[in-house]
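**Student:** Turn this into a model:
(chains A and B)
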Amino acid sequence: MADALPHHHDLIACHECDLLQRLPVDQGRGRVRCRRCGCVLHHQGRDVVSTPLALGFTALVLFVLSNVYPLMDFGLQGHRDSTYLLAGIRELYAQGMPVLASTVLFTTVIAPALHIGLLIYLYLPLSLGLRPPAFVAALRLTQAIIPWSMLEIFLLGVLVASVKLAEQATIVAGPAAWSLGLLVIVLAAAATQVHPHRLWDLVA
Amino acid sequence: MNRPAITANARGLVACHVCGLVSRPAAALPMRCPRCDAPLHDRIPRSLSRTWAFLVAAMMLYLPANLLPIMHVTQLGRLRSDTILSGTEYLLAHGMWPLALIVFVASVLIPLAKIAILVVLLLSVQLHAQARPMDRLRLYRFTEFVGRWSMVDVFVVTVLVALVHLGQVAEIEAGLGAAFFAGVVVLTMLAAKTFDPRLIWDNVSYDVEPNAN
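**Tutor:** Next comes the predicted model:
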């Protein structure tokens, strides 16, 4: 009966050049690359569930810290104050720039939060051998959201802004700056750990 | 040496973009993956026209993004307005050339390069070009990888607006240019996402690229 199904488990079509290739027999850890264009087709032998789950929980802690603690302490002619990740977004709204504020909110808060939430939503049930509800939709959303999470670029923006102000003001990195730096690394690692093709072998 | 390329498309097979399963779709529309039930497309639907649409929109926003100020700084009663370009000049004039270089590359060179590369890729596919598919794919990967970094100036404005509001000495307001600029970055990212790199290879018949001569 299964033979009649019109699909091919041992074949893979490159997502960048469509070349049809046979998956090599599992040879332990490593990447399988496309013969024609060299893009990564498949990851072998890696633990595809507990590493992303651990990264997801780590990212959750760092994300909360990054939003709760001040990003920078700022001193200018006797005034001292701190600023938060969300303060700039609120200020953009207040200045009548709702579209700009929403773009920044989406790329620095909503997209990273979705990325982290989806990691836990997908991998916690999977680690228990369960298939999360709306699995396909959650996988697609995870793949789609990753490029819009721009915390590493935001961090570069923080650096540029501090340097611009360094002549006139005293600027000290707050706890959120450090946790953001770590969060960027954890999320980048998590983004390389999403192997939807492999996950299907687990739930199918 | 050069065997003819066997693509999934040439064999009437479609790879699912969610679960990767290669299957022969049933004749009935819409096509769905037999394993995960996601909609199947052999190529991103209407990839070329959608990419053009995003790209033309990005080009239209590009001018106001660069001509309008991205922020206004009022300091000691004096108002200074910065555009993308004058912001980098400011960094350069104050001897911060490594940062000036980063901002110039991210804000000026990358958006221009991205738009130019996508135009070249679209035209090459529409003109059924066969030359150097690997190089064209590399250009595509470059735009996909690097495009997000143009957002850095928008974030600089966000941080400055928050910081300087705190001290009473200077006041910084975001300018409309920043909103247009964010629009350019988002639209070029969408354009790169809707471009299907497999279209580059559809005009190419060989399996492995011959070595360059």
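
**Student:** could you pull out the helices for the chain?
**Tutor:** Unless you meant another one, I'm taking chain A. A:50-68, A:85-94, A:98-105, A:111-127, A:135-145, A:151-165, A:175-191, A:196-203 (DSSP state H).

**Student:** wrong chain, I was asking about chain B
**Tutor:** So, for chain B - with DSSP H - the helices run B:47-67, B:84-93, B:97-104, B:110-126, B:133-146, B:152-166, B:176-194, B:198-202.

**Student:** tally of neighbours for B:A27?
**Tutor:** A count of nearby residues for B:A27, using other C-beta atoms under 10 Å in any protein chain shown, gives 6. Glycine gets a C-beta too; all of them are placed from N, C-alpha and C.

**Student:** State the number of residues packed around A:P133.
**Tutor:** A:P133 - counted by other C-beta under 10 Å - has 9 other residues nearby.

**Student:** and it, what pLDDT?
**Tutor:** Looking at A:P133, its pLDDT reads 89.

**Student:** Quickly note the distance from it to A:H195.
**Tutor:** Separation of A:P133 from A:H195 (C-beta to C-beta, to the nearest Å): 20 Å.

**Student:** just checking, B:R35 touches B:C16?
**Tutor:** Yes: between B:R35 and B:C16 there is a contact at 6.9 Å, judged by C-beta atoms under 8 Å.

**Student:** Would you map out the domains in chain A?
**Tutor:** With domains defined by automatic domain parsing, chain A comprises A:1-46, A:47-203.

**Student:** Would you mind telling me which of these is nearest B:H41?
**Tutor:** Ranking the domains of chain A by proximity to B:H41 (C-beta to C-beta) places domain A:1-46 first, at 11.6 Å.

**Student:** can you tell me how far B:L101 sits from B:V108?
**Tutor:** Relative to B:V108, and taking C-beta to C-beta, B:L101 is found at 11 Å.

**Student:** deepest of the helices of chain A, which one?
**Tutor:** helix A:151-165 (a mean of 22; mean count of other C-beta atoms under 10 Å in any protein chain shown).

**Student:** From the contact counts, what lies against it?
**Tutor:** strand A:72-76, strand A:170-173, helix A:175-191, helix B:84-93, helix B:97-104, helix B:152-166 (3 or more C-beta pairs under 8 Å, 6 or more residues apart in numbering or on different chains; DSSP states H and E).

**Student:** That one versus helix B:176-194: what angle between them?
**Tutor:** Here helix A:151-165 runs at an angle of 150 degrees relative to helix B:176-194 (axes from the mean of the first three to the mean of the last three C-alpha atoms, to 10 degrees).

**Student:** for chain B, what are the low-confidence residue spans?
**Tutor:** B:1-4, B:28, B:164-169, B:206-213 (pLDDT under 70).

**Student:** run the last query once more with 50
**Tutor:** Residues of chain B meeting the criterion pLDDT under 50: B:1, B:210-213.

**Student:** For chain A, what is the nearest residue in it?
**Tutor:** B:F155 (2.8 Å; C-beta to the nearest C-beta).

**Student:** ok, back up a step: I'd like to know which of the helices and strands packed on helix A:151-165 lies nearest to A:L41.
**Tutor:** Between the helices and strands packed on helix A:151-165, helix A:175-191 lies closest to A:L41; by C-beta to C-beta that is 17.4 Å.

**Student:** taking the mean pLDDT, what do you get for that closest one?
**Tutor:** 93.

**Student:** same deal with stretch A:50-62?
**Tutor:** 93.

**Student:** Other residues contacting that stretch?
**Tutor:** A:112, A:115-116, A:119-120, A:122-124, A:126-127, A:179-180, A:182-183, A:186-187, A:189-190, A:193-194 (C-beta atoms under 8 Å, 6 or more residues apart in numbering or on different chains).

**Student:** ok, for the closest residue to chain B within chain A, nearest residue in space, not its chain neighbours?
**Tutor:** Nearest to chain B, among the residues of chain A, is A:G157, at 2.8 Å (C-beta to the nearest C-beta). Nearest residue to A:G157, sequence neighbours excluded (C-beta to C-beta, 6 or more residues apart in numbering or on different chains): B:F155, at 2.8 Å.

**Student:** List the contacts of that neighbour.
**Tutor:** A:V104, A:T108, A:M150, A:I153, A:F154, A:L156, A:G157, A:V158, A:A161.

**Student:** Counting neighbours, show which residues of stretch B:77-94 come out buried.
**Tutor:** Neighbour counts over stretch B:77-94 (16 or more other C-beta atoms under 10 Å in any protein chain shown) mark B:D82, B:T83, B:I84, B:G87, B:T88, B:Y90, B:L91 as buried.

**Student:** For the fifth one, give me its contacts.
**Tutor:** Residues in contact with B:T88 (C-beta under 8 Å, 6+ apart) are B:A100, B:V103, B:F104, B:S107, B:V108.

**Student:** No further queries at this time; thank you.
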